[in-house]
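> Sequence first, predicted model second:
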Amino acid sequence: MKILPIIPLIFLFATMSCTATIRTSVVEEPKATITNQTKPTFIIEPTLPKASIQSPATTMPYPTALPTNTAFPTVELPAYLQRNWVAFISVQEMGIYIARADGSEMKNVIKDQAADFVGSSPAWSPDGHQLAFIYAKRFDTDWNDKCFQIMTIGIDGKDLHQMTDEMDDCSRSPNWSPNGKSIVYASESFLEKKWIVDIKLRNADGNTPQFLVKNGFRNDYPIWSRDGKTIYYISNKPNGQLNHLMAIDSDGKNERLVKDLPGKYNFLNSISPDGKRLLIYVDTTDPKTCMNLAVLSLPDGALASYFNPVFAQADGSWSPDPRYIVLNAGTRDCRFGGMDAYIMDMQTKAMTRILRYLKLAPEYPSFSPVPALQIENQYRLTEFGDRINLRKSPFLSAKIIRQLQTSETVTILEGPVDTDGYYWWRMRTADGVEGWAVEVAGWYAPLEQPGTSTVTPAP
């Protein structure tokens, strides 16, 4: 469930000397020269061991996620989505884990039992191979002014990198730009007894931050639009309640109110793959209506639907298919957590549990954005995929056959193959040339397939 951040907390980082190799998410993107770099040493715990999941010795004092007699139709998740990873924070195991969308192949990404590990929703890079998250250390019961910092890590547990070092502020709520080159995030401080949260932007290699929103109020939970031109966020300006959906151009101009929202506290969770809807968390503080997920339409922010009021829902994330989401769900008791993770069919409202609370205490589940292509289907290259390399084999070192251009049509023949930090697909162009290219979220737009419809399913 969503927990309002505590500020300013006292965190103390254990010291070590370590270097990290940084990949700015997209090396097959030809519009800019992106190279691997080595950052200076950063402060982190010397060992970040992977660990198998252990059942808790004692049952935690929270209710089970849903009554045992709660019945839902089973979600029939398409086979091509079952291979996708779901990242989540395990409160029980104090770390970040990934599991397949059917709950199988669970793996630990990062875990540190020697410290308080604090995480927001792990934010996926567009290539589906890195996660941005927040990390902090606690020394004792007192807190100093060192606070949350944003880290990035490969889903294989390698290439750990500290992106922010704002020791006077707390950095959190990271969200990757569609091209994978920037991360927008919230930066909170406590000045003159007033809680202030600004929206900042950094390149993914962690350069000097750029202020996007700085107005002396709380501006929080930023999310990029799918075209990379707009950043949505929630603000408490001017009435002190976190219920104003705002938008600003990605260059920091044209800040504007989109919609006043119904809850006292609202949090942006996820944007749909087609960019037409926002998944938000609404907390009215009323025990009968608190802790609900809702869907807003874009660009007007109109409330499209609430979810099932019989049970509480907290965090959610769209899958690459707008019909399905992953979410936390639990008993209608706003005082407690205790939520399991479920896959929901947005069309039928069917739900299938994939992660249990009493074993993991999973929070902030988040679907990887790729792989999303399907064999035998046709796709059009978007502007983000302009001039990507079509190679002889699925390796970055393989011979380049030619570059693909925006608006070219390709047919998927085989894949995905996971090598060199990307998902690769063998594809055929309209003029019959075959080769392998990487998939990054937003690079391919589906064409209407024979016998199918492109109508967006109802929320």
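Received the coordinates, thanks.

> ok, residues contacting the host helix or strand of Q403?
Q403 is located in strand 400-404, with elements delineated by DSSP states H and E. Identification of contacts with strand 400-404 by Cβ atoms under 8 Å, 6 or more residues apart in numbering yields 30, 381, 385-392, 410, 429, 433, 435, 437. C-betas here are computed from N, CA, C, even on glycine.

> Ok, stretch 77-86 next?
So stretch 77-86 is contacted by 98-102, 128, 155, 319-321, 324, 326, 341, 343, 352, 354-355, 365-368, 370-372, 374, 416 (Cβ under 8 Å, 6+ apart).

> need the contact list for the residue most central in space within the chain.
Geometric centre of the chain, nearest residue: A123, 3.0 Å, by Cα atoms, centre = their mean. For A123, the contact set (Cβ under 8 Å, 6+ apart) comprises 131-133, 174-176, 183, 366.

> Which one of these sits in the busiest neighbourhood?
Of all these, the most densely surrounded is I183 (28 neighbours; neighbours counted as other Cβ atoms under 10 Å).

> what about the helices in this protein?
Counting by DSSP state H, the chain has helices at residues 79-82, 357-360.

> Least confident of those, on average?
Ranked by mean pLDDT, the helices of the chain bottom out at helix 357-360, with a mean of 66.

> pLDDT weak spots in the stretch 51-200 of the chain?
Residue ranges of the stretch 51-200 of the chain with pLDDT under 70: 51-73, 112-120, 137-146, 167-168, 190-194.

> N266 against M291, yeah?
No - using Cβ atoms under 8 Å, N266 makes no contact with M291, being 12.0 Å away.

> intersection of neighbour lists for the two?
281, 283.

> coming back round to it: excluding covalently adjacent residues, which one is nearest to the residue nearest to the centre of the chain?
Nearest in space to A123, with sequence neighbours left out and distances taken as Cβ to Cβ, 6 or more residues apart in numbering, is A132 at 4.3 Å.

> Next up, the contacts around the one you found.
122-123, 125, 150-152, 163, 174-176, 183.

> Return the subset of those lying in strands.
Using DSSP state E, the members of the contacts of A132 that fall in strands are 123, 150-152, 174-176, 183.

> can you tell me which residues contact P365?
86-88, 121, 315-317, 326-328, 341, 355.

> again, but for G252
Taking Cβ under 8 Å, 6+ apart, one finds 201, 210-213 in contact with G252.

> Of these - the most surrounded one?
Comparing those on neighbour count, V213 comes out first with 24 neighbours (neighbours: other Cβ under 10 Å).

> Straight-line length of stretch 202-214, end to end?
15 Å (Cα to Cα, to the nearest Å).

> contacts for that stretch?
22, 24-25, 37, 39, 125, 152, 161-166, 176, 180-185, 187, 198-201, 219, 222, 231, 233, 235, 246, 248, 250, 252, 255.

> Among the residues you listed, which ones are in strands?
22, 37, 152, 161-162, 176, 182-185, 187, 198-201, 219, 222, 231, 233, 235, 246, 248.

> Quick check: the gap between the nearest residue to K392 once chain neighbours are set aside and D156.
Once flanking residues are discounted, K392 sits nearest to K399: 4.3 Å by Cβ to Cβ, 6+ apart. For K399, the distance to D156 (Cβ to Cβ, to the nearest Å) stands at 26 Å.

> returning to what we had before: tell me which residues form a beta bridge with the residue nearest to A123?
Beta bridges link A132 to A123, T152, judged by DSSP bridges.

> okay, now the domains of the chain?
21-367, 378-446 (automatic domain parsing).
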